[in-house]
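A.B. asks: no FASTA, just this:
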């Protein structure tokens, strides 16, 4: 699966991530020019995990994104549907309770998490609205959602440069550092076709989330959306 226009079939997407699992963290660091570390720090601040809380990190991949929440003392569940990613995660972070799961049919009871988060994974889910509804379902009333996802730069010149990077510079860099460079062509196209910041906010509200807001990072290359599940 290499084209964003395909139907994001779960098996195909999972297979794609299985193929890049071994060097996934390194590749992301290189392709983002190190910015992914800053973005994940912003996610950790927004989630604000605390001892005694339960945090779901969806599309956690190898579990690296889950470390800040776990180290803050929260019981953290990294969840992903790529078995290859989970195997690599167990090799790197075997102490984490890595869990296999589909974002549209999460294997958790209603209202069990204080916070749910997903970074750079929502656009790869076949049904975005179903995933947002599932995140809502497993969050307790008063709990929060944090979504970090590639988005669209708000300044025209930056948007032009960024789109040129995605389609011209990213593929050759991916060929040099990734175990499956074709996957990153798909990822670049999926970024271009992803909804903008207001549209994702609207979808969060449609799923039931309140107090929805977003903050642009790196000029809108990435957007950090937040929301709260209303108390019953």
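C.D. replies: Thanks, I have it. Keep in mind that this is a model prediction, so the values were computed, not measured. Residues are numbered from 1 along each chain as shown.

A.B. asks: just for this structure, where's the confidence low?
C.D. replies: Counting by pLDDT under 70, the chain shows low-confidence ranges at 1-34, 166-167, 169-171, 173-184.

A.B. asks: longest strand anywhere in it?
C.D. replies: strand 139-150 (DSSP state E).

A.B. asks: Listing partners with orientation, what would you give for that strand?
C.D. replies: strand 113-119 (parallel), strand 222-228 (antiparallel) (DSSP bridges).

A.B. asks: For the residue nearest to the spatial centre of the chain, give the beta-bridge partners.
C.D. replies: Centroid-nearest residue in the chain: residue 119, 2.2 Å away (criterion: Cα atoms, centre = their mean). With DSSP bridges as the criterion, residue 119 is bridged to residue 148.

A.B. asks: you'd agree it is up against residue 40?
C.D. replies: Yes: using Cβ atoms under 8 Å, residue 119 is in contact with residue 40, at 6.8 Å. The way it works is simple: take the backbone N, C-alpha and C, and place the C-beta from them, glycine included.

A.B. asks: so what sits against both of those two?
C.D. replies: Residues within reach of residue 119 and of residue 40 at once, by Cβ atoms under 8 Å, 6 or more residues apart in numbering, are 65, 148.

A.B. asks: ok, now which ones touch residue 106?
C.D. replies: Contacts of residue 106 by Cβ under 8 Å, 6+ apart are 56, 58, 79, 134, 135, 137, 138.

A.B. asks: Go again with 10 Å.
C.D. replies: For residue 106, the contacting residues are 56, 58, 79, 99, 112, 113, 116, 131, 134, 135, 137, 138, by Cβ atoms under 10 Å, 6 or more residues apart in numbering.

A.B. asks: Which ones among those residues map onto strands?
C.D. replies: 56, 58, 79, 99, 113, 116.

A.B. asks: isn't the first one right next to residue 135, touching?
C.D. replies: Yes: taking contacts as Cβ atoms under 10 Å, residue 56 lies within contact range of residue 135: 7.7 Å.

A.B. asks: joint contacts of these two?
C.D. replies: Common neighbours of residue 56 and residue 135 (Cβ under 10 Å, 6+ apart) are 106, 113, 116, 117, 118, 143, 145.

A.B. asks: Turn those into a markdown table, columns for distance to residue 127.
C.D. replies: As requested, the shared contacts of residue 56 and residue 135 are exported to a markdown table (distance: Cβ to Cβ, whole Å):
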| residue | distance to residue 127 |
| --- | --- |
| 106 | 13 |
| 113 | 20 |
| 116 | 17 |
| 117 | 19 |
| 118 | 14 |
| 143 | 22 |
| 145 | 17 |
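
A.B. asks: which one of those residues is nearest residue 163?
C.D. replies: Set against residue 163, the nearest of the shared contacts of residue 56 and residue 135 by Cβ to Cβ is residue 118 (23.9 Å).
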